[in-house]
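**Student:** Compute the structure for the input listed below.
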Amino acid sequence: MNSESNISQAVQQLYDTYPFPPETLLDEPPPGYNWRWNWPVAYSFCTGQKPKNQAIRILDAGCGTGVGTDYLVHLNPEAHITAIDLSSGALEVAQERCQRSGADRVTFHHLSIYDVGQLEGEFDLINCVGVLHHLPDPIRGIKALASKLAQGGLFHIFVYAELGRWEIQLMQKAIGLLQQNSSLDRPTGETYQEGVKIGRQIFAALPENNRILKREKERWAMENHRDASFADMYVHPQEIDYNIDTLFEFIDASGLEFLGFSNVDYWNVERLLGKQPELMERAKQLSDRQRYRLIELLDPEITHYEFFLTRPPLAIADWSNDEALKAAYPEISPCLHGWPSTQVFDYNYQIVDFSPAEFEFLQACETANSSETAKKTIAEILAKVDLDLDGVRSLQKRQIILLSPAQG
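**Tutor:** Next up, the predicted model:
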């Protein structure tokens, strides 16, 4: 299989055979949230402030069966969503999913990412999860999508990382060897079904102490009991896995600006080398990219990169100035589970315990946002609450509150 056209046809055939993701269709909005798909929270994460405009245009590029699309519609009630995918079979599921859940602000197109230029206008948020690494030419794909990103918009991307997927790569190659008599150059639905069968037979045959089997049981077995997930992981006809060096070559080719990884805790070198001050000093001398590379080399469990890009200029808030912070308007993040309570799940579904002062401040924020006339600045709230400005900064940094600057 050599030509881009043949690869694209093979990928389309896989997802027509096994529409992905295979999540159950619901007659209600999807549960919970993914903060990366919530425009105000994602924007605040990237810029430190709430966006002024909620009535935005969102592109779900490579929407598959519409799991992310469904969330994008329900988490952004003023936005209009456009969703595209190469697989007509996956698109049919996506349309049914959104129809059943009441996600009615979405338009679907049977379209390759390469051809995204056919869509009108630009988009404030582009979501591309688990897609670009399956293109025969990912750089062409990211450039095509970059051309549709509005100035100051956000581009959310998820691609595979090679270090944490080493066993997957070995299994893919093993299945391919055992399936060599099949028509792998022009695969059919039966080709992929046979690949899934062979893969499951391999796992059933491997001894319990086998590294590939142990990795499957530890990391992937729960989702891979579904054939669609197993096929997507082990019999995919096209996959490119990245490391930090190749990832940033890919990002640089887009012409966009890197804003940061969304899983910030992983990229903190102190969690790995913090016990050795001399090593920490050495690490501080590295560039950001060198430090990222050091982290993944020392902790090679990472299976994917998830990050944001932008087309400058994008205004970044600076809350180090006390007067600017006092004049800002706070509100509670919509991506908290369990509020109101002194213990909630935060935007990453991690447990957070609020101090009495923090809880009182958050209650005041909620009251202040009950109507436009009730809105209060941080200074007005702090006049009645026993929390200092550093406490407010901590809440903002942890994405518990979103801040809107005073209108100047």
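
**Student:** Show me which residues of the lengthiest helix in the chain are buried.
**Tutor:** Once the chain is assigned using DSSP state H, the helix that runs over the most residues is helix 189-205. Of all the residues in helix 189-205, those buried under the rule 16 or more other CB atoms under 10 Å are 191, 192, 194, 195, 196, 198, 199, 202, 203. For every residue, glycine as well, the C-beta is placed using N, CA and C.

**Student:** out of these, what pair is the most spread apart?
**Tutor:** 191 and 203 (19.3 Å; CB to CB).

**Student:** The closest residue to residue 113 other than its chain neighbours - how many residues pack around it?
**Tutor:** The shortest distance from residue 113 to any non-neighbouring residue, by CB to CB, 6 or more residues apart in numbering, is to residue 141 (4.7 Å). Residues lying near residue 141 (other CB atoms under 10 Å) number 24.

**Student:** Following element in sequence after the helix or strand hosting residue 141, please.
**Tutor:** Assignment of secondary structure by DSSP states H and E places residue 141 within helix 138-146. In the C-terminal direction, the helix or strand that comes right after helix 138-146 (DSSP H and E) is strand 149-160.

**Student:** Which other helices and strands does that next one contact?
**Tutor:** Secondary-structure packing of strand 149-160 (3 or more CB pairs under 8 Å, 6 or more residues apart in numbering; DSSP states H and E): helix 39-47, strand 123-129, helix 138-146, helix 244-254, strand 304-310.

**Student:** Show me which residues of the longest one are buried.
**Tutor:** When you say that, I think you mean helix 244-254. Going by neighbour count (16+ other CB under 10 Å), the buried part of helix 244-254 is 244, 247, 248, 250, 251, 254.

**Student:** Helix, strand, or coil at the closest residue to the fifth one other than its chain neighbours?
**Tutor:** Yep, that's residue 251 we're talking about. Residue nearest to residue 251 in three dimensions, not counting chain neighbours: residue 258, with 5.5 Å by CB to CB, 6+ apart. Secondary structure assignment for residue 258 (DSSP: H, G, I helix; E, B strand; the rest coil): strand.

**Student:** which residues touch residue 258?
**Tutor:** By CB atoms under 8 Å, 6 or more residues apart in numbering, residue 258 lies in contact with 248, 251, 307, 308, 309.

**Student:** Bridged to residue 80, which residues?
**Tutor:** Residues found in beta-bridge contact with residue 80 (criterion: DSSP bridges) are residue 57.

**Student:** Also the one 5 residues further on?
**Tutor:** For residue 85, the beta-bridge partners under DSSP bridges are residue 110.

**Student:** measure it to residue 191 for me?
**Tutor:** In this structure, residue 85 and residue 191 are 21 Å apart, going by CB to CB, to the nearest Å.

**Student:** same deal with residue 74?
**Tutor:** 37 Å.

**Student:** for residue 132, same thing?
**Tutor:** Residue 132 sits 24 Å away from residue 191 when distances are taken as CB to CB.

**Student:** Next, please give the residue ranges for the strands of the stretch 251-400 of the chain.
**Tutor:** Per DSSP state E, counting those that start in this stretch, the stretch 251-400 of the chain carries strands over the ranges 257-261, 304-310, 329-332, 343-345, 351-353.

**Student:** Which one, of those strands, ends up nearest to residue 230?
**Tutor:** Across the strands of the stretch 251-400 of the chain, closest to residue 230 is strand 304-310 (CB to CB), at 17.7 Å.

**Student:** For that closest one, enumerate the helices and strands it packs against.
**Tutor:** In this structure, strand 304-310 packs against helix 39-47, strand 149-160, helix 244-254, strand 257-261, with contacts taken as 3+ CB pairs under 8 Å, 6+ apart.

**Student:** Brilliant, that's me finished.
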